[in-house]
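In: Sequence first, predicted model second:
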Amino acid sequence: MREPIDLLYQAWMQKDASLYLRQFDSGVVQTGRLKNGATYSRGYEEIAQRRRGDFARVDRVDVLKYEIMYQGSDDRQATFGVRYSMDFYWRDGKVTRERNINECYKVRQVTDGSRWVIVRNDDYQQRICYQ
């Protein structure tokens, strides 16, 4: 169940945008809060466009830690809270350090049962998850 989340972090370390994007359902919703307090909601196409740009600009990513905490499941979906710390080293020499960032993921099995995909990602949360 947690495999698509693990693969997101692997994709960052490998600088593999295709691997990253394969973890999302085509109907995914990603929400979050920007540093200025504004909120956003993105679908798959916007996520793909932004991440392809990010992966093209990044020189390397250090995943310092990530913790995945199972929150429960119902109706063929599971919820996970994640806390991570990462350093992004950009090709222009800048470094972005993210520390103890909280996220929440909802995943579900694809119809043929072959794998799990992310259907919702709530990024930059004050708490680990919905509860």
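Out: That came in fine, so what should we check first?

In: what's the following helix or strand after the top helix by length along the chain?
Out: Determined from DSSP state H, the single longest helix within the chain is helix 44-57. On the C-terminal side of helix 44-57, the nearest following helix or strand under DSSP states H and E is strand 58-74.

In: and that following strand with helix 44-57, angle?
Out: Angle between the axes of strand 58-74 and helix 44-57 is 150 degrees (criterion: axes from the mean of the first three to the mean of the last three C-alpha atoms, to 10 degrees).

In: tell me the angle the helix or strand just after strand 58-74 makes with helix 44-57.
Out: Note on strand 58-74: by DSSP H and E, the next helix or strand toward the C-terminus is strand 77-90. Interaxial angle, strand 77-90 versus helix 44-57 (the same axes, to 10 degrees): 30 degrees.

In: Let the chain start at 8 from now.
Out: Renumbered: residue one is now 8, and that last one reads strand 84-97.

In: In PDB, list the C-alpha atoms belonging to strand 84-97.
Out: Taking Å, rounded to 0.1, in the frame of the first residue of the first chain, the C-alpha atoms of strand 84-97 are listed here in PDB:
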ATOM      1  CA  GLN A  84      -8.300   3.300   0.000                       C
ATOM      2  CA  ALA A  85      -5.600   3.700   2.600                       C
ATOM      3  CA  THR A  86      -4.400   6.900   4.300                       C
ATOM      4  CA  PHE A  87      -0.800   7.600   5.300                       C
ATOM      5  CA  GLY A  88       0.800  10.500   7.100                       C
ATOM      6  CA  VAL A  89       4.300  11.400   6.100                       C
ATOM      7  CA  ARG A  90       7.000  13.600   7.700                       C
ATOM      8  CA  TYR A  91      10.100  14.300   5.700                       C
ATOM      9  CA  SER A  92      13.300  16.300   5.500                       C
ATOM     10  CA  MET A  93      15.000  16.900   2.200                       C
ATOM     11  CA  ASP A  94      17.600  19.200   0.600                       C
ATOM     12  CA  PHE A  95      17.200  20.200  -3.000                       C
ATOM     13  CA  TYR A  96      20.400  21.300  -4.800                       C
ATOM     14  CA  TRP A  97      19.400  23.300  -7.900                       C
END
